[in-house]
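> Need a 3D model of the following:
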Amino acid sequence: MEDGSKKDIVASSHAAAAAMFYNFEGAVAQFNGEDKSYSSTKWAQDIEDNAEIFNWTPQQKLIIARRSSQVLVA
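Numbering: from 1, shown residues only. All right, here's what the predicted structure looks like:
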C-alpha cells in the first residue's frame with residue numbers, strides 16, 4: 001500500500017468519526033448536576049440506551065459522555 005493510500009484511509013476514518021459525533025450531538029441531554037429532574041443515573045441510562053440503539057463502541061460512549069457532561073471533577 002502506498003503512503004498516500006494509508007493517509008487517505010486515515011483521513012477518511014477521521015472524517016467518518018467526526019461526522020458520527022456531529023450526528024449524535026443532541027442524542028444525549030447535557031448534564032450539569034444542577035437540574036434535580038435529570039439525575040446522573042438518568043443521564044448514564046440515556047447514554048447506554050443510545051449506545052445500544054446506535055451500536056456505539058465503548059470509546060464512542062466515553063466521548064459522547066464527556067461531550068454531554070458539564071460537570072467539572074476535581
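> what stretches of the protein score poorly on pLDDT?
Segments of the chain classed as low confidence (criterion: pLDDT under 70) are 1-4, 8-25, 73-74.
> which residues of it fall in helices?
3-23, 40-54, 58-68 (DSSP state H).
> Run through who's touching stretch 36-44.
28, 29, 31, 33, 65, 68, 69 (C-beta atoms under 8 Å, 6 or more residues apart in numbering). The way it works is simple: take the backbone N, C-alpha and C, and place the C-beta from them, glycine included.
> again, only this time at 7 Å
Outside stretch 36-44, the residues that touch it by C-beta atoms under 7 Å, 6 or more residues apart in numbering are 29, 31, 33.
> what about the first one, distance to residue 60?
If I follow you right, that is residue 29. In this structure, residue 29 and residue 60 are 17 Å apart, going by C-beta to C-beta, to the nearest Å.
> Tell me which of the two has more neighbours.
Set residue 29 next to residue 60 and count neighbours by other C-beta atoms under 10 Å: residue 60 wins out with 17 against 12.
> Next up, the contacts around the more buried one.
Contacts for residue 60 (C-beta under 7 Å, 6+ apart) come out as none.
> Distance check, it against residue 6.
Residue 60 is 23 Å from residue 6, where distance means C-beta to C-beta.
> Same question for residue 69.
Applying C-beta to C-beta to residue 69 and residue 6 gives a distance of 34 Å.
> Which one of these two is surrounded by more residues?
Remark: of residue 69 and residue 6, residue 69 carries more neighbours, 17 against 10, as counted by other C-beta under 10 Å.
> Find the residue closest to the more buried one in space, skipping its chain neighbours.
Leaving aside its sequence neighbours, residue 69 sits nearest to residue 31 (C-beta to C-beta, 6 or more residues apart in numbering; 5.3 Å).
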